[in-house]
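**Student:** Got a predicted structure plus its sequence, pasted below:
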Amino acid sequence: MYRTHTCGELRLPDAGKTVTLAGWVQRARDLGGLTFVDLRDRFGITQLSFNMERDQALCEQARELGREFVVQATGTVRERESKNTQIPTGEIELIVTELKVLNGAKTPPFTIEEETDGGEELRMKYRYLDLRRPNVRRHFELRHRMALEVRNFLGGQGFLEVETPVLIKSTPEGARDFVVPSRMHPGEFYALPQSPQTFKQLLMVAGFDRYFQLVKCFRDEDLRADRQPEFTQIDCEMAFVEQEDVLTTFEGLAKHLFRSIHGLEFNEPFPRMTFTEAMRDYGCDKPDLRFGMKFHELNDLAQGKGFKVFDEAGLVVGINATGCAGWSRKQTDALIDFVKRPQIGATGIVFLRRTADGLKSTVDKFYAPEDLALWAERLALEEGDLACIMAGPAEKTRKQLNELRLHLGDLLGLRDPKVFKPLWVVDFPLLEQDEEAGHWHAMHHPFTAPKPEDADRLESDPGSVKANAYDLVINGTEIGGGSIRIHDRTLQERMFRVLGFSDVEAREKFGFLMDAFEFGAPPHGGCAFGFDRWVALFGHRTDIREFIAFPKNNAGRDVMIDAPSPIEGEQLHELGLALREG
Ligand code: ASP
């Protein structure tokens, strides 16, 4: 037997027991006559104690231990003289009588402690060492607990977890597919699922009624802090449901997670906002509701007074940065620099402040005090407040002001990661028009149903058609989304036509699904949540890589195993991807 206890287990009542521990040497302290070794495993740290007088040979052996050596120690548990109140095992130590090195270790390339000196690249190359750090490990304990709670909750609601295949044919979710060449069918390829969308719909046709799966999905797109080429979804589907049923069920899941993981009770239903309201009031479809600063449109008040920038703009819109009237020129200039960055691309900001001396704007020469008073009223500008106003083409300006709003939220400390503000965004448009090419594409995916009352206009006025599609947003992060699906062949065919598929193409790609619709497909709908994102959010962090055991870096590489990497000519040939050399 390697051990009788873990390194996190022993307490004062265990004093006097003879035990055996095994773990890694966190650090050894040589105090002359005494040597202490902190022994670490997944469960904690226990102090091993050696004494020159008691056993010289053993003490000398302990002095030789290097960091991260794997050792086994047997001894007696004893109450410690100087207790460490920082750790649960801090009241005891092990008086070692037998020490065995199970394996040595090279000096690790970075410190394996909560605070480390290792840079990102190095930690990823030696991720197995990085994962030894307790704060990193805790991320995976959280992930595990959340996965269990998801399964408990959904299992309790009658959902069946079913695995769907990974080698499939393209399921469009708006990204590029990763493909896998087939050896047995040269020149042919599988696609990795961007989601199990079509399979879960087929499970509804199969009568499974309620399906879920914690499932890997693959999307070949540019990476960001909250995106990885492979990621995990909580994927769900339900038969015989309307939007309301889906929202209620998954609001239940979210509340269960808030309660079981964070002890938070949400007694009220989550707020809901239509897509149109979200765009109008926050300039984005996933507003962060931890703070206000709603948009206020000023076109009617600010145009026609001779200020060209506003007169020529499609939209003049402002927000109230409460309490910021006292900001210095340097601070407001920094805001202008922020919105002028190429990523945002705005031309500037007009400021209006209300101080004890009244209203003062950066465009005073164009506007009478009465005009500014009307702006202030619209923006609910109280004494001490600063309004930031932007102007330009409507859609672009909304996006830019959204960036500024979030930036101000950060600057003012209004985006506390420990505060959670969930929100349902509903009534998304079914389709979106490509600005340049002019064609329509599905805003969610092509299986989303138009709202029944809008279905007539699918061909005549596609832009006006809304869908029973919804997103769950928490703190400005899209945690998940879904929709009520098309379950009728004719409607699905019309949808593909609007999306520019020829009937032949549609049949080739999705014939199996449309065929299934002819064998008694029940009305159905569902959703999927980004599990990595949800865990990161619950861990109060933004980078999902911290919650993925072996993530890819920003260039999509796994620097530890060095993937992707070239394959041999022979293998290429076998896959029908290259001619045999020579
Ligand atoms: N398949 C969708 C997605 O991955 C979610 C859904 O509609 O259920 O975003």
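**Tutor:** That came through fine. Residues are numbered from 1 along each chain as shown.
**Student:** my hunch is that residue 93 is in a strand, does that hold up?
**Tutor:** Yes - secondary structure of residue 93 (DSSP: H, G, I helix; E, B strand; the rest coil): part of a strand.
**Student:** Now do the contacts for it.
**Tutor:** By CB atoms under 8 Å, 6 or more residues apart in numbering, residue 93 lies in contact with 36, 46, 47, 48, 49, 77, 78, 80. C-beta here means a position set from N, CA and C on the backbone, and glycine is covered the same way.
**Student:** can you rerun that using 7 Å?
**Tutor:** 47, 48, 49, 78, 80 (CB atoms under 7 Å, 6 or more residues apart in numbering).
**Student:** Tell me the one of those nearest the ligand?
**Tutor:** Taking CB to the nearest ligand atom as the measure, the ligand sits nearest to residue 47 out of the contacts of residue 93, at 49.0 Å.
**Student:** sorry, back to before: what about burial for the contacts of residue 93, which qualify?
**Tutor:** When these are checked for burial by 16 or more other CB atoms under 10 Å, the buried set is 47, 48, 49, 80.
**Student:** Widest-spaced pair of these?
**Tutor:** The most widely separated members of the buried ones among the contacts of residue 93, counting by CB to CB, are 48 and 80 (11.6 Å).
**Student:** Strands of the stretch 201-350 of the chain, residue ranges please.
**Tutor:** 210-218, 230-239, 272-274, 296-297, 315-321, 350-355 (DSSP state E, counting those that start in this stretch).
**Student:** Show me what the third one is packed up against.
**Tutor:** Just to be clear, that refers to strand 272-274. strand 422-426 (3 or more CB pairs under 7 Å, 6 or more residues apart in numbering; DSSP states H and E).
**Student:** distance between the strand it packs on and the chain's centre?
**Tutor:** 16 Å (CA atoms, centre = their mean, to the nearest Å).
**Student:** what's next to the helix or strand following it, contact-wise?
**Tutor:** Later in the chain than strand 422-426, the nearest helix or strand by DSSP states H and E is strand 431-433. Contacts to strand 431-433, defined as CB under 7 Å, 6+ apart, come from residues 440, 441, 442, 443, 462, 463, 465, 498.
**Student:** How about the first one, nearest residue that isn't a chain neighbour?
**Tutor:** On the basis of CB to CB, 6 or more residues apart in numbering, the spatially nearest residue to residue 440 that is not a chain neighbour turns out to be residue 431, at 4.4 Å.
**Student:** Can you name the residues of the protein sitting close to the ligand?
**Tutor:** By CB under 6 Å from any ligand atom, the residues of the chain that approach the ligand are 173, 195, 197, 445, 481, 482, 483, 526, 527, 528.
**Student:** What about the second one? Give its phi and psi, please.
**Tutor:** Per-residue torsions, residue 195: phi -170, psi 160 (degrees, to the nearest 10).
**Student:** for the residue nearest to residue 40 when sequence neighbours are not counted, helix, strand, or coil?
**Tutor:** Sequence neighbours aside, residue 26 is the residue nearest to residue 40 in space, at 4.3 Å (criterion: CB to CB, 6+ apart). Secondary structure, three-state DSSP: residue 26 is strand.
**Student:** who's in contact with residue 26?
**Tutor:** 38, 40, 45 are the contacts of residue 26 under CB under 7 Å, 6+ apart.
**Student:** would JSON lines of the residues you listed with pLDDT and neighbour count be doable?
**Tutor:** JSON lines is the format used below for the contacts of residue 26 (pLDDT from 0 to 100; neighbours: other CB atoms under 10 Å):
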{"residue": "38", "pLDDT": "97", "neighbour count": "18"}
{"residue": "40", "pLDDT": "97", "neighbour count": "21"}
{"residue": "45", "pLDDT": "97", "neighbour count": "21"}
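**Student:** quick check, nearest of those residues to the ligand?
**Tutor:** Once CB to the nearest ligand atom is applied, the member of those that ends up nearest the ligand is residue 40, at 39.6 Å.
**Student:** Is that closest one bridged to anything, and to what?
**Tutor:** Taking DSSP bridges as the rule, residue 40 bridges to residue 24, residue 45.
**Student:** What of residue 448?
**Tutor:** With DSSP bridges applied, residue 448 shows beta-bridge pairing to residue 485.
**Student:** number of nearby residues for it?
**Tutor:** 23 (other CB atoms under 10 Å).
**Student:** the longest helix in the chain is where?
**Tutor:** Longest helix in the chain by number of residues (criterion: DSSP state H): helix 134-156.
**Student:** coming back round to it: the residue nearest to residue 440 and the ligand, how far apart?
**Tutor:** Distance of residue 431 to the ligand, given as CB to the nearest ligand atom, to the nearest Å: 15 Å.
**Student:** Who is that residue paired with across the strands?
**Tutor:** The partner list for residue 431 in beta bridges (DSSP bridges) reads residue 442.
**Student:** returning to what we had before: next, format the buried ones among the contacts of residue 93 as CSV and append pLDDT and secondary structure.
**Tutor:** Output for the buried ones among the contacts of residue 93, formatted as CSV (pLDDT from 0 to 100; DSSP: H, G, I helix; E, B strand; the rest coil):
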residue, pLDDT, secondary structure
47, 98, strand
48, 98, strand
49, 97, strand
80, 96, coil
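**Student:** Quick check: closest non-adjacent residue to residue 340.
**Tutor:** Leaving aside its sequence neighbours, residue 340 is closest to residue 346 (6.2 Å, by CB to CB, 6+ apart).
**Student:** Hmm, residue 390 and the one you found touching each other?
**Tutor:** Yes - between residue 346 and residue 390 there is a contact under CB atoms under 7 Å: 6.0 Å.
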